[in-house]
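Novice: What follows is a predicted protein model with its sequence.
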Amino acid sequence: MVIRKQSADPQRRRILQAALAAAMASAVPRQSRAATRTNARIVIVGGGAAGISMAARLLALLDGARITLIDGAQQHIYQPGLTLVAAGTWAPAQVIEPEARWMPRGVEWLQEYAAEIDPVAKAVTTAGGKRVPYDFLVVAPGLELGFDQIAGFDPKLIGSGGLGCVYASPEAALGTYRMIMALAESGGDALLTLPHTPLKCAGAPLKLTFIADDLLRRHGGRSRSRVSFMSPLSSVFGVPSVNTKVLELWNERSIGVAYGHRLKAVDPGRRRAVFATNAGDVEQSYDFLHVVPPMRAPAVVRNSPLPVQSGPLSEGGWLDVDKDNLRHRRFPEIFGCGDINGTPRGKTAATVKKGGFVAAANLAAVVAGREPELKFDGYTSCPMVTSIGRAMLIEFDYEGRLTPTLPGVEPLTESWFAWFLEERMLKPAYFAMLKGWT
Ligand SMILES: Cc1cc2nc3c(=O)[nH]c(=O)nc-3n(C[C@H](O)[C@H](O)[C@H](O)COP(=O)(O)OP(=O)(O)OC[C@H]3O[C@@H](n4cnc5c(N)ncnc54)[C@H](O)[C@@H]3O)c2cc1C
């Protein structure tokens, strides 16, 4: 796909220069203390954005620590890029990296999945039966997509019969793009869903809605199509000001919204989706259905003593961490990082960047015999793509307050620059984070 060429006006040049300067300044390592000498055994479960960046940070903070990272995945997926694959602007290969390339030197990589965590005996057992004792544990296995909670749906169907899901894999993201393009030809009903659970990048289902609308307009199918967003809640995004802005844009673009609709079943043969509502089940036909499944903690955490014990976050098995210092609330030698954390908000790579900095520094403080010293504010961010070539840079904290960090970039204003960030700058920033530089 070819994107409209934009002329480089002086204002755009100034913004670019400011942003690049900010990015370069934040790429400088920010280690303020000398490394602590230790021979502690540190085990990290999970080698995604959180696990790899935590390993890199801990190597810099702790001199002599024996760090073992457990993860059976051979590929590292740059997940924020999946949205661009579904928009037809990136190829799947642009988001796939060999895991080995990013594994920090000095870390022992155990290429297996963790099957059990015993926080009393302080040991992790792998799927292959290997027992790995630890002094300190970092829990970072991300989250699990609960496709099994949608009756009749099989992720293998993504990319056929009008079914899409940007979350499942790079191939699924490409399949999603193909299904949107098929709709652009045929016209028809597009239904885009949201789960009732916490989800990673809560902006992604909304981005896909904007992208589907835009692709239909560009390729001539919009006037023959209806685009509807199906929310199980009474809003489409958890931050009220962002919710209002998105609804305003959708209203202008004739994108409909149905509240209180939770996708519970799909009949792929008849192209029908069943939604649970307060008034009972409602069946709707679709020509394109974007499925965003319920999300939960991976079984290794969900079925351990580690999840949140009560309150709304106790559903789904999320890790019971203190939201401020990211230390486990009952097992003090355990810290959490990334999507697994049972915190009020923050399942983005941007959260890993700032939260990981806090978690690593606090873990290093505990190794050195001090109390955790840093506090995390819940920083979460996502460039909300509103069409191909435009986005809004949304940044907020635990309280849902907008926390813009780039001078001259208004959070609730569509701009080419926010798109440029998403398309060109986030990936290098993500890899700098994996290196522990930012
Ligand atoms: C479509 C999409 C769009 C997104 N857009 C953005 C965006 O614009 N901006 C942004 O900041 N973030 C975005 N994100 C979110 C971001 O990618 C995640 O928040 C981030 O990857 C979380 O890092 P993590 O390490 O917690 O989980 P992951 O990166 O998912 O890594 C988890 C790792 O744990 C491993 N693992 C799982 N189970 C086990 C086990 N039992 N034992 C050992 N290892 C295990 C996995 O193999 C994997 O390597 C997006 C995500 C998606 C899917």
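Specialist: Sure thing, it's come through.
Novice: okay, now whichever residue of the stretch 1-150 of the chain sits closest to the ligand: neighbour count?
Specialist: Closest to the ligand within the stretch 1-150 of the chain is Gly48: 1.7 Å, counting by CB to the nearest ligand atom. Yep, even glycine has a C-beta here, placed from its N, CA and C like the rest. As a burial measure, Gly48 scores 25 neighbours (other CB atoms under 10 Å).
Novice: residues touching the closest residue to it other than its chain neighbours, list them.
Specialist: For Gly48, ignoring the flanking residues on the chain, the nearest one in space by CB to CB, 6 or more residues apart in numbering is Gly142 at 5.1 Å. With contact taken as CB atoms under 8 Å, 6 or more residues apart in numbering, Gly142 is in contact with Gly46, Gly48, Ala50, Lys200, Pro298, Gly338, Asp339, Ile340.
Novice: same check, this time on Asn39
Specialist: By CB under 8 Å, 6+ apart, Asn39 lies in contact with Gly64, Ala65, Arg66.
Novice: cutoff 6 Å now
Specialist: Gly64 (CB atoms under 6 Å, 6 or more residues apart in numbering).
Novice: moving C-terminal of the worst-scoring helix or strand of the chain on mean pLDDT, what's the next helix or strand?
Specialist: For the chain, using mean pLDDT, DSSP states H and E, the weakest element among its helices and strands is helix 10-26, scoring a mean of 49. Next along the chain after helix 10-26, taking DSSP states H and E as the criterion, comes strand 36-37.
Novice: neighbouring strands for that following strand, and are they parallel or not?
Specialist: Strand 36-37 has the following strand partners under DSSP bridges: strand 62-63 (parallel).
Novice: how about the strands of the stretch 101-250 of the chain, start to end?
Specialist: If DSSP state E, counting those that start in this stretch is used as the criterion, the strands of the stretch 101-250 of the chain fall at 108-110, 114-118, 123-126, 131-133, 136-139, 144-145, 163-164, 188-193, 225-230.
Novice: Return the residues of the stretch 151-300 of the chain in contact with the ligand.
Specialist: Within the stretch 151-300 of the chain, the residues that sit near the ligand (CB under 6 Å from any ligand atom) are Val166, Tyr167, Lys200, Cys201, Ala204, Pro298, Val300.
Novice: One more: the stretch 301-438 of the chain?
Specialist: Going by CB under 6 Å from any ligand atom, the residues of the stretch 301-438 of the chain near the ligand are Gly338, Asp339, Ile340, Lys347, Thr348, Ala349, Ala350, Val352, Ser381, Cys382, Pro383.
Novice: Report the spatially closest residue to the last one, excluding sequence-adjacent ones.
Specialist: When you say that, I think you mean Pro383. Counting by CB to CB, 6+ apart, Glu422 is the residue found nearest to Pro383 once chain neighbours are left out, at 3.8 Å.
Novice: Please work out which residue of the stretch 201-350 of the chain is closest to the ligand.
Specialist: Closest point on the stretch 201-350 of the chain to the ligand, by CB to the nearest ligand atom, is Gly338, at 2.2 Å.
Novice: Tell me which helix or strand that residue sits in.
Specialist: Under DSSP H and E, no helix or strand contains Gly338.
Novice: Per-residue pLDDT of the closest residue to it other than its chain neighbours, please?
Specialist: The shortest distance from Gly338 to any non-neighbouring residue, by CB to CB, 6+ apart, is to Ala50 (2.9 Å). On the pLDDT scale, Ala50 is placed at 98.
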